[in-house]
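Undergrad: here are the coordinates; sequence isn't available:
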């Protein structure tokens, strides 16, 4: 269900498994029970997305961390895989994200309250590309919608793609921020998904050797 990454004085960082939701499978309750402490959720990941999540140990720290997220002072790095070639290899994607049909969302040309995502892509092997995604905003389904808009839906994304796989290949890899005059930098590589595991060395060489 999850892996403990850090147990700091004021917050906890875990890596959530893909396919685990906040509520239906009791993730928060399970962490509270395991660590025997009260926790306050600060942000969320889609059920299909794995990776880093922060839980505050007090309402005051939850407020501070929430403010960091809302004012875009937490740098987030996600890894995604796609079998499709994108309409462009790198850049910034902006636009309002609006509700579509059946619980899905879509990217529009409107800029009333735009989502913002910076991305880079790299060819791993024929028919498989790595995307390093930096969401500046945090809209519902943002990265999954952005990838679809680039004509490169995430591999295994049942809602926005058409390529079935052993998992949805979207993972929150890194969170960087400062809190109370201390700087934090958490990373965790995905530990599930054949394409992540088989290409781990090459992916890590790319993300550690490039400026992302």
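TA: Everything's here; your move. Since the model is a prediction, treat every value here as computed from it, not as a measurement.
Undergrad: Give the bridge partners for the closest residue to residue 195 other than its chain neighbours, please.
TA: Nearest non-adjacent residue to residue 195, counting by Cβ to Cβ, 6 or more residues apart in numbering: residue 81, 5.5 Å away. Yep, even glycine has a C-beta here, placed from its N, CA and C like the rest. Beta-bridge partners recorded for residue 81 (DSSP bridges): residue 130.
Undergrad: and the gap between residue 81 and residue 197?
TA: According to Cβ to Cβ, to the nearest Å, residue 81 stands 12 Å off from residue 197.
Undergrad: So those two - more neighbours on which side?
TA: Neighbours were counted for residue 81 and for residue 197 using other Cβ atoms under 10 Å; residue 81 has more, 27 against 12.
Undergrad: okay, that one: pLDDT?
TA: With respect to pLDDT, residue 81 scores 98.
Undergrad: go on, residue 202?
TA: Value listed for residue 202 in the pLDDT field: 96.
Undergrad: Count the residues that sit near it.
TA: Residues near residue 202, counting by other Cβ under 10 Å: 13.
Undergrad: what sits up against the lengthiest helix in the chain?
TA: The longest helix of the chain (DSSP state H) is helix 59-70. The contact list for helix 59-70 (Cβ atoms under 8 Å, 6 or more residues apart in numbering) reads 10-11, 40-43, 54, 56, 74, 138, 177, 179-180.
Undergrad: Rounded mean pLDDT for that helix, please.
TA: Here the average pLDDT along helix 59-70 is 97.
Undergrad: Can you pull the phi/psi pair for the residue nearest the centre of the chain?
TA: Note on the chain: the residue nearest the mean C-alpha position is residue 172, at 3.4 Å, using Cα atoms, centre = their mean. When read as degrees, to the nearest 10, the backbone of residue 172 gives phi -80, psi 110.
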